[in-house]
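Undergrad: Sharing a model that was predicted from the sequence below.
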Amino acid sequence: MGRLTVLTKSQSQKVVEGLYRNLEQRIVASPPGLCPIDVSVAFLKMCHAQTCGKCVPCRVGLGQLANLMEDVLNGEATLETITVIEKTARVIEETADCAIGYQAASMVLRGLQGFRDDYIEHIENGRCMCHLEQPVPCVALCPAGVDIPGYIALVHDGRCADAVRLIRKDNPFPTACALVCEHPCEARCRRNMVDSSINIRAIKRYAVDHSGTVPAPACAPATGKRVAIIGGGPSGLSAAYFLQLMGHQTTIFEQRRQLGGMLRYGIPNYRLPKERLAEDIDAILSTGVEVRLETAVDGREGNLSLNSLREAYDAVYIAVGAHADKKVGIDGEEGEGVISAVEFLRDIGEGELPDFTGKRVMVIGGGNVAMDVTRSAIRLGADSVSVVYRRRKADMTALPDEIEGAIAEGAQILELHAPKRIELDDAGRVAALWADPKIIGLVDKAGRPRPEDSGEGEVRLPCDIILVAIGQEIDSDHFECAGLMVNRGLLVTDDSGAVRGETGLYAGGDCATGPETVIKAIATGKVVAANIDNYLGYNHVISADVDIPPARLGDRPACGRVNLTERDSTERREDFEMVEYGMSCKEADQESSRCLRCDHFGYGVFKGGRVSQW
């Protein structure tokens, strides 16, 4: 037997692995808006450096492909160069021996399809179509464009009320977003290059928890213009808020008993307490918004018609949410005990809590709504709650924290099980869900592996209640009957939010985009408000009279990220009280100090002494 030796990494291996980690951190922190061709060349060169050099397509082809693309960047290419790039990449993709070669070539081909106009612009005009208009990643990735470095600096300075004022310049729901926003702003935080992204949402939570009551800013002089808003959800309320600040009188028509839309009727109290939601809504209404509750605008008998509003108001904004449920499309789903997530959460939002004591509950779906109904069913006394999902847990679209929270509270995740039919008893009540076990397969166009047939037989999952959470739809039939352009159930709008072919009529939020996140709905309301203002003949500017603290000079040593803690799972599963704790003063001071102030260093001082306007 040969002598055994201990294998240790050489110094060069350790350095290379460190460089890889550093490269990964930089890729994560890269801002949106970079030249796509430049990025492609960088990735191509990295792939070329990884090749073993045994096959010509990798060793020579990738290098030549990089040279051709650099000719485009350097203004030394012609339109014929694009054809040569395409042919070269195609040959490499088809002949390379390993994944490094054909995946690198495939990336170039996808780029030629996705941003060919950028290639042409570089060749014909020597410039990139993609401009770094907003080089601060967190601001660029916030749909509402909130000045995130600004309010983090204010929190660090102990000025929480001013932080809320600054947030409201772009987002009138600081409290709701501090509790439920999916925080896309954190995805490419440049702090990732040092350690990990800043906990932006938690800092916002600290600001709203310690600001006291912050009054809304004064409105501009009245213009005499009137705007009707159909729907009192986050998009409609946001539009109303900004239009009021501009001096236009708005009236919200809401068919339900209270305002808030999906913030009230789609998010359980343990995530967004109704009294915290009221903080935002009260501030919005304080600007003078008129509200007509339990008033539907659908043209049906006894209800208002869209045309009547168009005649009475100078502009109309349709901002109805996705309040219709999607069907699974399997036998038995009309049985007693099959409940849609929309209906279930709506009843809870109205204060009508069903009794699930001793019930066996199955949840169909894998998104955030599925987690909301799962955790709500546990709180309603269910004996067991299982989530049936046809893909892997890793492929679920719900936030990881929501999934882990549900598991901690006692939910079971049955991954790779596709619902097939619902078994009903003689009385028409749910008896069991039959599911088809799957195995994971090839990756689809969205980048997620598809579930494939496992070859095993169906499994019977006994249950008493089935909650269906596979998506929501828009009730748009009455808009189509009114003559508006509708495509696949959604109102068709142009870039300004105006309904295609109509004058003075705008649409946004779920009814124009399909179900989206809260922050995206808020952003749409903000944008449409500005465009309605322009349509009415004005160009009002929204600003916040808040001085931003200057950027601090000094070291930024690596420091751990402060994550929010939660109540013990055995305690919180018994009620609908708030699950998440906020930051302490010391935690907020430390976390806010981690901000690198990308709005200042490296890009010049954009704001001067005050915040930007829009």
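TA: Received the coordinates, thanks. What you see is a predicted model, and the numbers here were worked out from it, not measured in a lab.
Undergrad: Report the buried residues of stretch 491-501.
TA: Neighbour-count burial for stretch 491-501 flags 491, 493, 497, 498, 499 (criterion: 16 or more other C-beta atoms under 10 Å). In short, each C-beta sits where N, CA and C put it, glycine included.
Undergrad: I'd guessed residue 580 sits against residue 564; true?
TA: Yes. Taking C-beta atoms under 8 Å as the definition, residue 580 is a contact partner of residue 564 at 5.3 Å.
Undergrad: In terms of distance to residue 235, which of the buried residues of stretch 491-501 ranks first?
TA: For the buried residues of stretch 491-501, the minimum distance to residue 235 (C-beta to C-beta) is 10.0 Å, reached by residue 497.
Undergrad: Surely the closest one touches residue 533?
TA: No. In this structure, residue 497 is not within contact of residue 533 by C-beta under 8 Å, at 11.8 Å.
Undergrad: just checking, next helix/strand downstream of the worst-scoring helix or strand of the chain on mean pLDDT?
TA: Lowest on mean pLDDT, DSSP states H and E among the helices and strands of the chain sits helix 11-28, with a mean of 79. Sequence-wise, the next helix or strand downstream of helix 11-28 (DSSP states H and E) is helix 36-50.
Undergrad: Give me the phi and psi for residue 235.
TA: Backbone torsions of residue 235, given as degrees, to the nearest 10, read phi -70, psi -50.
Undergrad: Counting neighbours, what do you get for it?
TA: Neighbours of residue 235 under the rule other C-beta atoms under 10 Å: 36.
Undergrad: The residue lying closest to it once chain neighbours are set aside - how many residues pack around it?
TA: Leaving aside its sequence neighbours, residue 235 sits nearest to residue 509 (C-beta to C-beta, 6 or more residues apart in numbering; 3.3 Å). Applying other C-beta under 10 Å, we find 34 residues neighbouring residue 509.
Undergrad: Next one: residue 509 from residue 241, what distance?
TA: Applying C-beta to C-beta, to the nearest Å, the value for residue 509 to residue 241 is 14 Å.
Undergrad: With residue 488 instead?
TA: Counting by C-beta to C-beta, the separation of residue 488 from residue 241 is 30 Å.
Undergrad: Neighbour count: those two, which is higher?
TA: Applying other C-beta under 10 Å to residue 488 and residue 241 shows that residue 241 carries more neighbours, namely 29 against 9.
Undergrad: so that one, which of the three states?
TA: Look at residue 241: counting by DSSP: H, G, I helix; E, B strand; the rest coil, its state is helix.
Undergrad: For the stretch 1-150 of the chain, which segments count as helices?
TA: 11-28, 36-50, 56, 62-73, 79-95, 99-114, 116-125, 137-141, 148-156 (DSSP state H, counting those that start in this stretch).
Undergrad: ignore the last one, the stretch 351-500 of the chain
TA: Per DSSP H, counting those that start in this stretch, the stretch 351-500 of the chain carries helices over the ranges 368-379, 400-408, 477-481.
Undergrad: Centre-most residue in the chain?
TA: When the chain is reduced to its mean C-alpha position, the nearest residue by C-alpha atoms, centre = their mean turns out to be residue 517, at 4.9 Å.
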